[in-house]
Structures are given as structure tokens and as C-alpha cells.
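*Asks:* quick one, structure for this:
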Amino acid sequence: SKPKPEKVVKVKRVKKKTERKLLEQKLDKLVREIVLDRDVRCVCPPPSRGHGNVLQAGHLITRSKEAVRWGLDNVHAQCNSCNILHEYMPHIYTNWYVINFGAEKFNSLCESAERVQKLQLYELRELLEQMKRIRQKQNQATLMGEVFKPYFSQQEILSGAWDK
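*Replies:* Numbering: from 1, shown residues only. Okay, here's the model as predicted:
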């Protein structure tokens, strides 16, 4: 009988991540930390089966809209149950947002999202630095027993207007 052919193991090449991808990942992580610290629990009214036990950073307007992706006014803490529910029934989250922040703020957020914007690398770097400063301020406030709840738009963060 013939010997069985040997299996050839293919080596999978791992692509290096671009600077843009790395900056985006760092920003996503930092925004998540800030939001989960700020909101502490799921912000939405409980669904019929109750809240889940895993908190996530949920976006009111999709993350694919880069003009509002890292805006702290667009991201809120949600349990896993609510986050998936809002994929199919976004009106619940939208209604909550309008009740808590007002229709004017919601419309402003929607207008910002409609702008087609791809941030340049230097803007992503600046956004990351500003987010780090927000996180530091949040941590300092917690240590001092104070409350700092940042709800800034991405434009306010990028321009540094949040710190004035």
C-alpha cells in the first residue's frame, strides 16, 4: 500500500495594523471606559425580560458614522439585552434620548452624523489626547468624591471646547 500524503501546514500571515486602526481601537476602548464609569448601569427602561448582566457601550447613531462615533453624547451604557434590542427597535433608545436630552440635542446629533467625515490621522491623535484628559479628569473627580459626567460632542472634544 502507498504511504499517506503528508499534510502541508499553511502559515497564515498576520497583517500589521495600520496607525489609523490602532488609534481607532484605542479611542473605542477609552470611550467605553469613560461611558461605563459615567453611567454605571444601563440607561434604558428595562425590557420585558429584564436587564442583562453585561454592560456595553451602546451607540445611539451607528459607529459607522465617524463624525459622531466617539462623541460622548452619542454613547451610553447599556446592558447586553438592551443593546441588541435597540438594533431591531431603535425607537426605544431614541425616545429615551429625546426625553433625557431634548429633541434639539437629538437633532443636532443627527445633523452631525449626516456630515460625511473621515478624520485625518492628526485629528485622531488629538481626539485621543483629549479623551485621555477627560478620563484623567473623571478619575480625579472620583478620587475627590465629586461627580464628573462628560456628555460632550465629538466636535467639542476635538476642538478642546469641553475644557473651557
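*Asks:* can you tell me the element Ala77 falls in?
*Replies:* Ala77 is part of strand 75-79 when elements are defined by DSSP states H and E.
*Asks:* whichever helix or strand comes after that strand - contacts with which helices or strands?
*Replies:* The helix or strand immediately downstream of strand 75-79 is helix 80-88, counting by DSSP H and E. Helices and strands touching helix 80-88, by 3 or more CB pairs under 8 Å, 6 or more residues apart in numbering; DSSP states H and E, are strand 55-59, helix 90-101. C-beta coordinates here come from the backbone N, C-alpha and C atoms, glycine included.
*Asks:* coming back round to it: now for the strand holding Ala77, which elements pack on it?
*Replies:* helix 19-39, strand 55-59.
*Asks:* quick one: closest of the helices and strands packed on helix 80-88 to Glu6.
*Replies:* Ranking those by proximity to Glu6 (CB to CB) places strand 55-59 first, at 45.9 Å.
*Asks:* returning to that earlier point: ok, which of the helices and strands packed on helix 80-88 comes nearest Glu126?
*Replies:* Closest among these, using CB to CB: strand 55-59, at 21.1 Å.
*Asks:* just the buried residues of the worst-scoring helix or strand of the chain on mean pLDDT, please?
*Replies:* When each helix and strand of the chain is scored by mean pLDDT, DSSP states H and E, helix 80-88 comes last, with a mean of 86. Buried residues in helix 80-88, counted by 16 or more other CB atoms under 10 Å: Ser81, Cys82, Asn83, Leu85, His86.
*Asks:* for the helix ranked longest in the chain, give me every contacting residue.
*Replies:* With secondary structure taken from DSSP state H, the chain has its longest helix at helix 121-143. Contact with helix 121-143 is made by 19-20, 23-24, 26-27, 30-31, 33-34, 37-38, 70, 72, 119, 147-148, 150, 152, 154, 157-158, 160, 162-163, as judged by CB atoms under 8 Å, 6 or more residues apart in numbering.
*Asks:* could you point out the helix or strand that follows it?
*Replies:* Heading C-terminal from helix 121-143 (DSSP H and E), you reach helix 154-159.
*Asks:* dump that following helix to PDB, restricted to CA.
*Replies:* The C-alpha coordinates for helix 154-159 follow below in PDB (Å, rounded to 0.1, in the frame of the first residue of the first chain):
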ATOM      1  CA  GLN A 154     -17.100  64.800  19.200                       C
ATOM      2  CA  GLN A 155     -16.600  68.300  17.900                       C
ATOM      3  CA  GLU A 156     -16.400  69.800  21.400                       C
ATOM      4  CA  ILE A 157     -13.800  67.200  22.300                       C
ATOM      5  CA  LEU A 158     -11.700  67.600  19.200                       C
ATOM      6  CA  SER A 159     -11.600  71.400  19.500                       C
END
